[in-house]
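Peer 1: Sequence and predicted structure, then a few things I'm wondering about:
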Amino acid sequence: MARRQYPRKTAPKVRDGKVQRKSRWELPANYYNTEQRELVFDRERPGHGYKHLLRLDDVRRFVPLLPMWDELSVGLNAIVLARGEYDCIGWHYPGVVGLCAWEREIVLDGSDKSWYSEHRRLLDKLGVSYSRGDEGFCIDFDVLTARAFQLVHVLVHELGHHHDRITSKRKRTCGRGEPYAESYAERYEDDVLAAYATQFEL
């Protein structure tokens, strides 16, 4: 993330004939830099060309259904419905996971073969069809299947990164990377999908 540049005074103020100490600029406390007493559910503006298919209440209802939630909730400060980003559907930051807003065209057009192959098993379970086009695979999501995919796979994948970090020796980095997060999501996929179907429409 690029740092914004602010004009800065080079000399401290003088008040009543005494030189005042320079104030130190500090980031305000937030869920990125401060441990939270309770898990925060936050929503950012989706951004131009994107929309949130999920509501905060959907996420609040979903996470207690996760069979490994007691372990995953440790050290987790926030789950964010984040702004949409090109070629990104979710992300992890230490203590925070984000689900990106979906493109307004819910059908994903131009997905490459490797992405489709990696997710085909779950897409089949959700009843999501596909077709091949000139620019790649066209994945025929609708609102219901896209919501399910975001919670059952994307969120659990990003929580897999969180699990990677909290189970590491120093609990600072997710050294096992994408393969670990993907296998984590796949390991619990059937149980999570079954739990999802008890509370959400498919």
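Peer 2: Nice, thanks for sending it over.
Peer 1: Now the residue nearest to Arg176 when sequence neighbours are not counted: which helix or strand?
Peer 2: Once flanking residues are discounted, Arg176 sits nearest to Asp164: 5.0 Å by C-beta to C-beta, 6 or more residues apart in numbering. C-beta here means a position set from N, CA and C on the backbone, and glycine is covered the same way. Counting by DSSP states H and E, the element that carries Asp164 is helix 156-166.
Peer 1: With Thr198 instead?
Peer 2: helix 189-199.
Peer 1: In contact with the nearest residue to Cys88 once chain neighbours are set aside, which residues?
Peer 2: Counting by C-beta to C-beta, 6+ apart, Cys100 is the residue found nearest to Cys88 once chain neighbours are left out, at 5.4 Å. With contact set as C-beta atoms under 8 Å, 6 or more residues apart in numbering, Cys100 has these partners: Tyr50, Ala82, Arg83, Gly84, Glu85, Cys88, Ile89, Gly90, Trp91.
Peer 1: ok, 6 Å please
Peer 2: When contacts are counted by C-beta atoms under 6 Å, 6 or more residues apart in numbering, Cys100 touches Ala82, Gly84, Glu85, Cys88, Ile89, Gly90.
Peer 1: ok, the first one - contacts?
Peer 2: Shown in contact with Ala82 (C-beta under 6 Å, 6+ apart): Glu44, Gly98, Cys100.
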